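Peer 1: Just need the structure, nothing else, for what follows:
(chains A and B)
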Amino acid sequence: GQQLNQSPQSMFIQEGEDVSMNCTSSSIFNTWLWYKQDPGEGPVLLIALYKAGELTSNGRLTAQFGITRKDSFLNISASIPSDVGIYFCAGLGANSKLTFGKGITLSVRP
Amino acid sequence: GAGVSQTPSNKVTEKGKYVELRCDPISGHTALYWYRQSLGQGPEFLIYFQGTGAADDSGLPNDRFFAVRPEGSVSTLKIQRTERGDSAVYLCASSLISNDEQFFGPGTRLTVL
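Peer 2: Numbers count the residues shown, from 1 in each chain, chains lettered A, B, ... in the order given. So this is what the prediction gives:
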């Protein structure tokens, strides 16, 4: 099935560093969501974006919904060890279905 | 308040057997979704309920898969004649209304031997 594009597959950063993740799609979405998944758990919603161009923050997380509605990015500032996990972007279409990327595995070195 | 819960957390079965996976959505959420996640992939849509009815079942891979939500709350995903390729994590999500933020349960890890 269709998936959004997230790359690279893995990212390694030092504790305290900022990190940015991008997500692109060939299709337009009305809502973009960012989720974090820990091993053995379901995805946990981090941020939801509803309007093209919207910039939203949630603590150390900032996300933006691209003007074309075909992309989004997520920034994590001042990373900490518990930021380790898999980050998924997801597009919500008019049909209520979420389309996910393959995820980016983030590792944080103390 | 309780989040989405799923049971069992793990299910091991033999090829050809029948399995049922259960999802309890967040109380008051009218929409319920099933997704399947294979290793190294993002979740993929299976079926979506609005109330008691399946609004979209286009993601079900074949007619061995079926899901119900008879009272508009709890849902059961049923897989007949399981195959090894059905092994995956089955995730359930719910949202207050359609086209809204979806909140996921912990998933059921299905292993077909």
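Peer 1: Quick check: residues of chain A near chain B?
Peer 2: Residues of chain A lying near chain B by C-beta under 8 Å from any C-beta of the partner chain: A:1, A:3-4, A:30-31, A:33, A:35, A:40-45, A:48, A:88, A:90, A:92, A:94-103. (C-beta placed from N, C-alpha, C; glycine too.)
Peer 1: same thing but 7 Å
Peer 2: A:1, A:3, A:33, A:41-43, A:45, A:48, A:88, A:92, A:95-98, A:100-103 (C-beta under 7 Å from any C-beta of the partner chain).
Peer 1: Please indicate which of those are buried?
Peer 2: A:3, A:33, A:42-43, A:45, A:48, A:88, A:92, A:96-98, A:100-103 (16 or more other C-beta atoms under 10 Å in any protein chain shown).
Peer 1: In terms of distance to residue B:109, which of the residues you listed ranks first?
Peer 2: Comparing these against residue B:109 with C-beta to C-beta places residue A:42 closest, at 11.2 Å.
Peer 1: mind checking which helix or strand of the chain has the lowest mean pLDDT?
Peer 2: Since you didn't name a chain, this refers to chain A. Lowest mean confidence among the helices and strands of chain A (mean pLDDT, DSSP states H and E): strand A:5-7, at a mean of 92.
Peer 1: actually it's chain B I care about, not the one you picked
Peer 2: Result, chain B / mean pLDDT, DSSP H and E: strand B:53-56, a mean of 93.
Peer 1: Can you mark which positions in that strand are buried?
Peer 2: Buried-residue list, strand B:53-56, by 16+ other C-beta under 10 Å: B:54-56.
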